[in-house]
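In: Let me see the structure of the following:
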Amino acid sequence: MSDYVPFQIQFEIIKRLPVKSLLKFRSVSQPWKSLIDSSEFIAEYNVSQTQPQRLSVWYNDPWSAKDRFVSFVDDDTFTLHEFTSTVPKLIKNLQSVVGSSHGLLCLYSYYKDPGRSTNDETVKGVVLWNPSIRKSVYITTHVSSQWCEEQSTVLGFGVSPATNDPTVVKFKRVTYADPRTKDHMHWVVEVFTLSAGCWRIPSTKPPNGTITLTWEQVVIDKFIYRFCFDGIPSLRNNLIMSYDMTTEEFRMVNLPDCLAHQRCVNLSISKVWESLAVLEYSRNINKQVCVVWMMDRVVANLFTKLFTIKTPNIWDFRPNITLGFTKSGKPILGLKGRDEEPAALVVYEPRSEHIKEIGIYGRYGLFFVGSYVETLLLHEQVNYSVYSYNN
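Out: Purely as a prediction, here's the structure:
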């Protein structure tokens, strides 16, 4: 084909192929291998997907107690497209799903490594996994700290759209024993990019030490958004922190008064129509209610109420959790079961309040829903490679 078809037309044809076909084409000739491996091609491939839009679900099977991953077409049929029954062997003890971005999942786990010390240190880190090509790498985040009394670590993940570089952000809050010490609480921020293969401290100013960060994050374009609240009792405001993967700057998004002074457990963040959303939970004797607020893309700090989700109230103090949204804006819920029944993944129709089950059941509180696309990211990595913290 290369003798008769102009190179640019070959380029346009190849970038529309599924990932598995691309990996086979790499072995046909050196020019095609060089093309497919180039950063320009990977960037073009990520933005020119012709496959139907899909959603991914990570959940814990209630009958086998094993973690499962499934993706399905994001339309009215929710047809299962691909099922992966096994997870990467790098995941020893899964603690949580940090997030997903550009077809990669970031999973937080830990394991005991007797070889590191006589005390059998616990090694913590994240697994970056590309399910479409079944490749994964492990990035160690653990660091022992003997010079402080208390520390807490929060992780963020995203893929920069400018560089297609998978990025992990680590926030470690250090608290000194003497509260009279200036800045006795502060955040130490480190950034890991896969292209560099090591951790580094960015030059930008980290968040204020009084801010408490949660594990809830949303990736939209070049920003990683994170729900947080101010830890000073007199100023206990709910906030959203943004991290720019291009400039590495941190900024705070202020919420309306009706959300800023809510109990933080009543709020969470999500993404709807590629915009940041805040979910406000409440309940009454008959219904559990979740109000969806969407941030304006033009006017800073402006949130508009979209609609209200109303689901049956089962008085066991466990809310029906909104896990994400379809491309048409319909909420995806983790609907808890009665007594010992497993939770069901359902799609909610705001206008009719109709609930549609999609055939996925798991342990309550252990669902993760994110967007999913096929990607070539990680294809140049050695499978199961490990990046140590002190690389």
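In: Need the CA coordinates for stretch 365-373. PDB is fine.
Out: Extracted in PDB, the C-alpha atoms of stretch 365-373 (Å, rounded to 0.1, in the frame of the first residue of the first chain):
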ATOM      1  CA  GLY A 365     -19.400   1.900  48.100                       C
ATOM      2  CA  LEU A 366     -16.800   0.100  45.900                       C
ATOM      3  CA  PHE A 367     -18.000   1.300  42.400                       C
ATOM      4  CA  PHE A 368     -16.000   3.600  40.200                       C
ATOM      5  CA  VAL A 369     -17.400   5.000  36.900                       C
ATOM      6  CA  GLY A 370     -15.400   6.900  34.400                       C
ATOM      7  CA  SER A 371     -15.100   7.700  30.700                       C
ATOM      8  CA  TYR A 372     -13.200   5.200  28.500                       C
ATOM      9  CA  VAL A 373     -11.400   5.400  25.200                       C
END
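In: I'd like the distance from it to the chain centre, please.
Out: 8 Å (CA atoms, centre = their mean, to the nearest Å).
In: In it, which residues are buried?
Out: 366-373 (16 or more other CB atoms under 10 Å). Placement of C-beta: from N, CA and C, glycine included.
In: Residue 88: which of the residues you listed is nearest?
Out: In terms of CB to CB, no member of the buried residues of stretch 365-373 lies closer to residue 88 than residue 368, at 15.3 Å.
In: quick revisit: can you list the buried residues of stretch 365-373 in CSV and add pLDDT?
Out: Formatted as CSV, those follow (pLDDT from 0 to 100):
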residue, pLDDT
366, 87
367, 91
368, 93
369, 93
370, 92
371, 88
372, 88
373, 87
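In: Give me the subset of the residues you listed lying in strands.
Out: 368-372 (DSSP state E).
In: could those residues be laid out in a markdown table, adding distance to residue 62?
Out: Converted to a markdown table, those look like this (distance: CB to CB, whole Å):
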| residue | distance to residue 62 |
| --- | --- |
| 368 | 16 |
| 369 | 17 |
| 370 | 21 |
| 371 | 25 |
| 372 | 23 |
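In: which among the buried residues of stretch 365-373 gets closest to residue 18?
Out: Distances from residue 18 to these, taken by CB to CB, are shortest for residue 373, at 11.3 Å.
In: Wait, that closest one touches residue 100, no?
Out: No: contact criterion CB atoms under 8 Å: residue 373 and residue 100 do not qualify, at 9.8 Å.
In: biggest separation within the buried residues of stretch 365-373, which pair?
Out: Spanning the widest gap among the buried residues of stretch 365-373 are 366 and 373, at 23.6 Å by CB to CB.
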